[in-house]
Structure formats: structure tokens, C-alpha cells
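A.B. asks: generate coordinates for the sequence data below:
(one chain, ligands or ions: 1)
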Amino acid sequence: MSAIEIEAVTKSYPAGRRGSPTPALAGVDLRVEAGGFVSLLGPSGCGKTTLLKAIDGLVPVSGGRIGVGGVAVSGPGRDRAFVFQDFRLLPWRTVLGNVAFPLEGVVRSRAERERIAAEYVEMVGLSEFAGHRPHELSGGMQQRVGIARALAVDPQVLLMDEPFGALDAQTRELMQVELLRIWRLTGKTIVFVTHSVDEALFLSQRVAVFTPRPGRVAAELEVPFAYPRDEHAVRGDPRFTDLRQEIWRLLKGDTHAFSE
Ligand SMILES: Nc1ncnc2c1ncn2[C@@H]1O[C@H](COP(=O)(O)OP(=O)(O)OP(=O)(O)O)[C@@H](O)[C@H]1O
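C.D. replies: The predicted structure is shown next:
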């Protein structure tokens, strides 16, 4: 069964006081199977974040339909959680307090909230830092907190918007390996927005390449490497090079790929 079904989704942002409406999405069709890992790649401004927010129910679509777990999305819900590029942690709260935050209003007992939060803090390898505040952590550690916070409500779907975009190259690679470990451990469905072709190919089972704005899916490519993936083996595989070239060809606007 598909966890996420996106059918003919369009989105146009209303005109500001002087401008005209901005068409952001122009008929997106995409399915993500339960437990699947799909990356969205596309030129800047093609509507990737808009689509992710629409799946989260933060942005209403103008047309078409989005279903999650067989239910039409009409607003945010605990079956979906968002991971932001800029972490968005509460600076006055500890690591444990940040991860426990989304459980407020869901789990009555504070002790129980902290028990659940501690479980996810451990999952992302930060138990030692549970009492630290965000400013005492590196960027990679802060994003681990962001991931633990997203997992804390036990969502079906993780929506990740360039989550490693603000990290240095070495930390980014470590976080990619870490994310695959967590994905395999939890079985979540992941939709992952990135600007990095290599990151999309290393992480996901499928890559959806978008057209320039207003975006729609120009092509979907299956990534054939078995998990657990070894970075050096993947990068050294001739199929990696072929897929990489194919994606770059699409991103550079191969007219045939972008025509109807
Ligand atoms: N709240 C908004 N109001 C008006 N226009 C918006 C709003 N949010 C996004 N847009 C416009 O919609 C289009 C798609 O934006 P979006 O952020 O979804 O693209 P993106 O593919 O995620 O871009 P990037 O890769 O640069 O992050 C852009 O032209 C953007 O200016």
C-alpha cells in the first residue's frame, strides 16, 4: 500500500498587493510506498518545499489531492513530522526538553514524555547531551535533535527539507549514514528534499526529478543499490555514474524530458 499518494497537485500562491499569483506546482503525481525513501530533486524554486509543506498540511493545495495512509490531507497531523534545514530548536530548552516538546498535549504525564524523549535521544546517539541546550551543540548534533523530535510522536511519515544542507561535508556524510540506520530501524516513510544529486542517490530508493517552476515530476529513477549501503561501494559502482549523468541531464533541462 502507498503511504503517500499525490495526484495532479497544483499550487498557486496568491498575488501580493502588486504582483501576480505565483504558480509553484503544476500537476504533481507521485506515490511513496509505506516504509519507502524517496528524494525530490529539482531546480531552485521548482516547488519542492511547497510540496513537502502540502504533504504536511501546512500549505493548502490549489488543485488535486494528497492522501497519507489512505486519508486525504486537510491539515497537519501526528502521522507526519517535518525536519527543517535550520533545525528550529527551542534555545531555552534542553535536548530532552526539545524532543519531549511535541509530546505535550499528546502524553499527559511529564515523566512518560521524558521517558519517550530519552528513547529517541538515545536513538540519535545524544544521551550524554540530554541536559545540554542547543547552543552547546554542533550543527550535526542539533540536527540529530531535530530528527529525534520528529520521531518522538511516532509519525508514519518523515518530511525532510534539505536537513543536511547547513552542515559541513564531513558531518553531512556521517548524518546520511546515521539517517539510513534510523530509517531501517524505524521503518518510517521518508520524503527527502535535497539539492545534492549524490546525497539523493546514496540515500534513497527512488529519486523524483522535478521540472523548473511550476514544478511537476519530470522523471522518477529507481536507485538499485541494496541496503545497508556502503558509500565507497555505491560511489564506485558504474550504475551510480550513469544515474548521476541521467539526473544531471534532466536537471539541465533536457527539452525532451521536460516536454509533455
Ligand atoms: N508563502 C509564499 N508566498 C508566495 N510565494 C511563495 C511562497 N512560498 C514559496 N513561494 C514561491 O513558490 C515557488 C516555489 O517555492 P519553493 O520554496 O517551494 O521551491 P523549492 O523548490 O523548495 O526552492 P529551493 O530549492 O530554492 O528551496 C517560488 O517561486 C517561491 O518564490
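A.B. asks: separation between Phe202 and Glu178?
C.D. replies: Between Phe202 and Glu178 the computed distance is 12 Å (CB to CB, to the nearest Å). Bear in mind the C-beta positions are built from the backbone N, C-alpha and C, glycine included.
A.B. asks: can you tell me the closest non-neighbouring residue to Ala54?
C.D. replies: For Ala54, ignoring the flanking residues on the chain, the nearest one in space by CB to CB, 6 or more residues apart in numbering is Val61 at 5.1 Å.
A.B. asks: can you tell me how far the one you found is from the ligand?
C.D. replies: Remark: distance between Val61 and the ligand (CB to the nearest ligand atom, to the nearest Å) = 12 Å.
A.B. asks: same thing with Glu246?
C.D. replies: Glu246 sits 20 Å away from the ligand, going by CB to the nearest ligand atom.
A.B. asks: and for Glu222?
C.D. replies: Distance, Glu222 to the ligand, using CB to the nearest ligand atom: 22 Å.
A.B. asks: identify the residues contacting that residue.
C.D. replies: Glu222 sits next to Gln205, Arg206 when contact means CB atoms under 8 Å, 6 or more residues apart in numbering.
A.B. asks: mind checking pLDDT for it?
C.D. replies: If you check Glu222, the pLDDT there is 97.
A.B. asks: with Leu103 instead?
C.D. replies: Looking at Leu103, its pLDDT reads 96.
A.B. asks: so it makes contact with Val153?
C.D. replies: Yes - between Leu103 and Val153 there is a contact under CB atoms under 8 Å: 6.6 Å.
A.B. asks: looking at those two, which one has more neighbours?
C.D. replies: Leu103 (22 against 17; other CB atoms under 10 Å).
A.B. asks: okay, that one and the ligand: tell me how far apart.
C.D. replies: According to CB to the nearest ligand atom, Leu103 and the ligand sit 29 Å apart.
A.B. asks: so for that residue, what's the nearest residue that isn't a sequence neighbour?
C.D. replies: Using CB to CB, 6+ apart, the closest residue to Leu103 is Arg113 (4.4 Å).
A.B. asks: again, but for Ala148
C.D. replies: Among residues not flanking Ala148 along the chain, Tyr120 sits closest, at 4.0 Å (CB to CB, 6+ apart).
A.B. asks: for the one you found, give its distance to Arg93.
C.D. replies: 15 Å.
A.B. asks: pick out whichever of these two has more residues nearby.
C.D. replies: Taking other CB under 10 Å, Tyr120 and Arg93 do not tie; Tyr120 has more neighbours (25 against 15).
A.B. asks: phi, psi for that one please.
C.D. replies: Phi and psi for Tyr120, reported as degrees, to the nearest 10, are phi -80, psi -30.
A.B. asks: check Gly67 too.
C.D. replies: Per-residue torsions, Gly67: phi -120, psi 140 (degrees, to the nearest 10).
A.B. asks: adjust the sequence numbering to begin at 57 for everything that follows.
C.D. replies: Understood, numbering begins at 57; the last thing we discussed is Gly123.
A.B. asks: in what helix or strand does the spatially closest residue to it that is not a sequence neighbour lie?
C.D. replies: Of all residues not flanking Gly123 in the chain, Glu61 sits nearest, at 4.3 Å (CB to CB, 6+ apart). Per DSSP states H and E: Glu61 is located in strand 58-69.
A.B. asks: please point out which parts of that strand sit buried.
C.D. replies: Ser58, Ala59, Ile60, Glu61, Ile62, Val65, Thr66, Lys67, Ser68 (16 or more other CB atoms under 10 Å).
A.B. asks: so who does the fourth one touch?
C.D. replies: What it means is Glu61. So Glu61 contacts Arg87, Arg121, Ile122, Gly123, Val124 (CB under 8 Å, 6+ apart).
A.B. asks: do you know the pLDDT at the nearest residue to the second one once chain neighbours are set aside?
C.D. replies: I take that to be Arg121. Among residues not flanking Arg121 along the chain, Glu63 sits closest, at 4.8 Å (CB to CB, 6+ apart). Here, the pLDDT recorded for Glu63 equals 97.
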